[in-house]
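> Sequence plus the predicted model coming up.
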Amino acid sequence: QVHLVESGGGSVQTGGSLRLSCVISGSTASWKYKAWFRQAPGKEREGVAAIDLGGRHTYYGSSMKGRFTISQDAAKNILYLPMNSLKPEATAMYYCAAEGLYLDQNTYNYWGRGTEVTVSS
């Protein structure tokens, strides 16, 4: 079985930083992607960033690149999302997902329960 557990969320003020982590246990298809998605209150879930096993290919949501940088510890199977200079619009539940393609959430087979990020002005 595959389990994903996110951590690192919290409440910060505008301009603050957080680093989300996702520990993935179990075996997933190595050729597929791991990713972060988020869902803000009252909005649809959207893709934040995705990365392949080797870390050579990364994809970002249209408004995400330059603000977030996805990374991973492939040996430990941990996915990271450092977030700096946070703004209130980053407030959302952030989900880790594994075994999918790019930022197409419909292709991801495994999901964590999410970690909540709140950015206050």
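Nice, thanks for sending it over.

> Do you know the pLDDT at the residue nearest to residue 9 when sequence neighbours are not counted?
Leaving aside its chain neighbours, residue 9 sits nearest to residue 115 (3.4 Å; criterion: Cβ to Cβ, 6 or more residues apart in numbering). In short, each C-beta sits where N, CA and C put it, glycine included. Looking at residue 115, its pLDDT reads 98.

> in what helix or strand does the spatially most central residue of the chain lie?
Taking Cα atoms, centre = their mean, the centroid of the chain lies closest to residue 36, which sits 2.2 Å from it. Counting by DSSP states H and E, the element that carries residue 36 is strand 33-39.

> one step back: pretty sure the residue nearest to the centre of the chain contacts residue 51?
No. At 9.1 Å, residue 36 does not count as touching residue 51 under the criterion of Cβ atoms under 8 Å.

> shared neighbours, the two?
70, 79 (Cβ atoms under 8 Å, 6 or more residues apart in numbering).
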